[in-house]
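>>> this one's structure only:
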């Protein structure tokens, strides 16, 4: 029994090594082995310079999942001679943070620095984020936070002022191909895929290195003839596109859609529209945004654009998904190809600014009603000319308050229907300059 027990204990490290996930086995051992982030890791890049000068400072690593944030933090600790501590903001409360800071303080007193890696750091609330500040300032910890969300919106200004934000990029197809080569070298075995299936596997990872390794680990276990693209797609499920309806991806994609419409590119606009639908966006949200685009960017250059979008929205409400989404897609095309004008939007903002600046100035008396004798005695309505009684249907009287000069707020553009509005405004303006 003793011999058997000893034998089992001796084999335990081997069994543990075999049980480790492939992604963990392939984790780089030096920063030079990290794939795809040369823009921050190169010798003359931010992290390369920090390590060369032995002045590692607190960092926020911002990027999508599976691009190496945890690996880079771990390797930075090793390169800087710091004790590595990893926590997740999802599972860590204030008492846990106090213990982490106290342990780091004891290490500091013993001459050992601590690199604290905080995954999903944006999940901490303001008070928790503030708790890092004194420990960063006195050198108790070097903080490396990881986030998939825009730090500008999710992290306190005080924390951001004490840390450098570094952006990590999604892995390119070339990066992912290099990662597949590592997978095959580790097993000393080529993946059983023909070339088009290999490309499909890379596409399915969608820039996520960890996802690619996990997919490749499944493929490695298959036997038989190499699979083509169709056979691979039958066995594996395509990874859902990265999209968070309340997060950074949401705002990035709606911005891309809006600007593509404004830039009169129907193809790009349709692409971003489809990306949002594929990500699970509520079509009603998109319908509302399309109406906004019609009002803000097309404006009076094509007054029918607003009605077109509202009708598309109405069609969607009647048909639902997926049939009703075609009406919204048609609205995207219509808006993209419509003449553009923000002249009314600019005029509206200028009018609001002028109203705020001018205060409570009353209208000129000649355009005030005078239902009582007292008001008539005060000059209300005196001198008012009824426009319909004039030959041209316009009197040319002044309508601004007496104490401010007349302002030219609306400047129609030479586009679409606004060409006609410009002619009309110029016609009416002649009467006011007599």
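Cool, got the structure. None of these values were measured; they are calculated from a predicted model.
>>> Break this protein down into its structural domains.
Using automatic domain parsing, the domains assigned to the chain come out as 37-167, 174-235, 248-337, 358-432.
>>> Could you tell me the end-to-end distance of the last one?
Start and end residues of domain 358-432 are separated by 22 Å (CA to CA, to the nearest Å).
>>> From the chain's centroid, how far away is that domain?
Mean-position distance between domain 358-432 and its chain equals 46 Å (CA atoms, centre = their mean, to the nearest Å).
>>> same thing with the first one?
If you compare the mean C-alpha spot of domain 37-167 with that of the full chain, they lie 22 Å apart, counting by CA atoms, centre = their mean.
>>> Show the end-to-end separation of that domain, please.
Criterion CA to CA; first-to-last residue distance in domain 37-167 is 9 Å.
>>> one step back: I'd like the domains of the chain as a markdown table, with mean neighbour count, mean pLDDT and distance to residue 29 appended.
The C-beta positions use only the backbone N, C-alpha and C, and glycine is treated the same way. Output for those, formatted as a markdown table (neighbours: other CB atoms under 10 Å; pLDDT from 0 to 100; distance: least, CB to CB, whole Å):
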| stretch | mean neighbour count | mean pLDDT | distance to residue 29 |
| --- | --- | --- | --- |
| domain 37-167 | 17 | 93 | 8 |
| domain 174-235 | 17 | 90 | 12 |
| domain 248-337 | 18 | 93 | 32 |
| domain 358-432 | 13 | 89 | 61 |
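>>> Put together JSON lines for those domains, with distance to residue 348 on each row.
Output for the domains of the chain, formatted as JSON lines (distance: least, CB to CB, whole Å):
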{"stretch": "domain 37-167", "distance to residue 348": "28"}
{"stretch": "domain 174-235", "distance to residue 348": "41"}
{"stretch": "domain 248-337", "distance to residue 348": "10"}
{"stretch": "domain 358-432", "distance to residue 348": "8"}
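>>> Let me know which of those is the nearest to residue 343.
domain 358-432 (5.3 Å; CB to CB).
>>> all strands for the protein, in order.
Under the criterion DSSP state E, the chain contains strands at 59-62, 83-88, 114-119, 142-147, 164-167.
>>> packing partners for the last one?
To tie it back to what came earlier, the one meant is strand 164-167. Where contact means 3 or more CB pairs under 8 Å, 6 or more residues apart in numbering; DSSP states H and E, strand 164-167 is packed against helix 46-52, strand 59-62.
>>> who wins for proximity to residue 203 among the ones you listed?
Among those, strand 59-62 comes nearest to residue 203, with 24.3 Å by CB to CB.
>>> So which residues make contact with that closest one?
The contact list for strand 59-62 (CB atoms under 8 Å, 6 or more residues apart in numbering) reads 69, 72-73, 76, 121, 143-151, 155, 160, 163-168.
>>> Could you rerun that using 6 Å?
Residues outside strand 59-62 that contact it (CB atoms under 6 Å, 6 or more residues apart in numbering): 69, 144-147, 151, 163-168.
>>> partners of it in the sheet?
Paired with strand 59-62 in the same sheet, following DSSP bridges, are strand 142-147 (parallel), strand 164-167 (parallel).
>>> Present these as a markdown table; the columns should include distance to residue 366.
A markdown table is the format used below for those (distance: least, CB to CB, whole Å):
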| stretch | distance to residue 366 |
| --- | --- |
| strand 142-147 | 62 |
| strand 164-167 | 60 |
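>>> before we move on, back to that, of the domains of the chain, give the one that comes closest to residue 23.
domain 174-235 (4.5 Å).
>>> how close does residue 125 sit to residue 155?
Between residue 125 and residue 155 the computed distance is 11 Å (CB to CB, to the nearest Å).
>>> Which parts of the stretch 51-200 of the chain are helices?
Along the stretch 51-200 of the chain, counting by DSSP state H, counting those that start in this stretch, helices occupy 69-79, 94-109, 126-130, 133-137, 151-154, 157-161, 173-187, 195-205.
>>> how much space between the closest residue to residue 189 other than its chain neighbours and residue 206?
The shortest distance from residue 189 to any non-neighbouring residue, by CB to CB, 6 or more residues apart in numbering, is to residue 220 (6.9 Å). Separation of residue 220 from residue 206 (CB to CB): 20 Å.
>>> between the domains of the chain, which gets nearest to residue 345?
Closest to residue 345 of these is domain 248-337 (CB to CB; 5.4 Å).
>>> Give me the distance between the closest one and the centre of its chain.
Distance, centroid of domain 248-337 to centroid of chain: 18 Å (CA atoms, centre = their mean).
>>> just stretch 219-226 next, same as before
Chain-centre distance of stretch 219-226: 38 Å, with CA atoms, centre = their mean.
>>> now the end-to-end length of that stretch.
Terminal-residue distance, stretch 219-226 (CA to CA): 10 Å.
>>> same deal with stretch 398-417?
Counting by CA to CA, you get 27 Å between the two ends of stretch 398-417.
>>> which residues sit against stretch 398-405?
Stretch 398-405 is contacted by residues 358, 361, 364, 406 when judged by CB under 6 Å, 6+ apart.
>>> 8 Å instead, please
Residues from elsewhere that reach stretch 398-405, judged by CB under 8 Å, 6+ apart: 354, 358, 361-364, 367, 406-407, 432.
>>> okay, these in TSV with distance to residue 130 next?
As requested, those are exported to TSV (distance: CB to CB, whole Å):
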residue	distance to residue 130
354	42
358	43
361	47
362	51
363	53
364	56
367	57
406	53
407	48
432	59
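>>> Restricted to helices, list the residues you listed.
Using DSSP state H, 354, 358, 432 are the members of the contacts of stretch 398-405 that sit in helices.
>>> Next up, the contacts around the nearest residue to residue 272 once chain neighbours are set aside.
Closest residue to residue 272 apart from its sequence neighbours, by CB to CB, 6+ apart: residue 257 at 4.0 Å. When contacts are counted by CB under 8 Å, 6+ apart, residue 257 touches 269, 272-273, 276, 286, 289, 332.
>>> ok, now which ones touch the closest residue to residue 214 other than its chain neighbours?
Distances taken as CB to CB, 6+ apart place residue 23 nearest to residue 214, at 6.5 Å, with adjacent residues excluded. When contacts are counted by CB under 8 Å, 6+ apart, residue 23 touches 210, 213-214, 217.
>>> And the pLDDT for residue 23?
For residue 23, the pLDDT comes out at 83.
>>> how much space between it and residue 57?
Taking CB to CB, one finds residue 23 at 28 Å from residue 57.
>>> what do you get for residue 296?
Counting by CB to CB, the gap from residue 296 to residue 57 is 42 Å.
>>> I figured residue 302 hits residue 416, correct?
Yes - counting by CB atoms under 8 Å, residue 416 is a contact partner of residue 302 at 5.0 Å.
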